[in-house]
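In: have a look at this prediction, sequence included:
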Amino acid sequence: ITCVHDHSKALCERARTGRFERLPDHGQCQPLACRNVALTSSNTEAWRAELDRIDRRLAARPPLPPLMQHRLASRRAEITAFLSRNTSTPETA
């Protein structure tokens, strides 16, 4: 994800006081939830490829354990919602 860091919206902001004021903590990056993302066509293609990988894993036989299925389905839903919010041609579920 390309970040257009705006400290007022950033989810990765450190404490607003002290020597780290207004510096992002990239270890806390939440690209699927942050409003600072700027998607390029390459980024969008990568997310769609991730959805394809998830779909293949969910369709695999023998089936994955229930917890793994749940986590992958949740990840898929999160990515799909993200693309719907941030692209003009959203991925369909």
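Out: That came through fine.
In: quick one: contacts of stretch 29-36?
Out: Contacts made with stretch 29-36 from outside it, assessed by C-beta atoms under 8 Å, 6 or more residues apart in numbering, are listed as 1, 3-6, 9-12, 37, 78-79, 82. All C-beta spots, glycine's among them, are computed from the backbone N, C-alpha and C.
In: what about these, which are in strands?
Out: The subset of these located in strands under the criterion DSSP state E comprises Cys3, Val37.
In: buried subset of the contacts of stretch 29-36?
Out: Using 16 or more other C-beta atoms under 10 Å as the burial test, the contacts of stretch 29-36 include Ile1, Ala10, Cys12, Val37, Ile79, Phe82 as buried.
In: just to revisit the earlier point, quick check, nearest of the contacts of stretch 29-36 to Arg48?
Out: Checking the contacts of stretch 29-36 against Arg48 by C-beta to C-beta gives Ile79 as the nearest, at 8.8 Å.
In: I'd say that closest one and Ala46 touch.
Out: No - contact between Ile79 and Ala46 fails when scored by C-beta atoms under 8 Å: they sit 10.4 Å apart.
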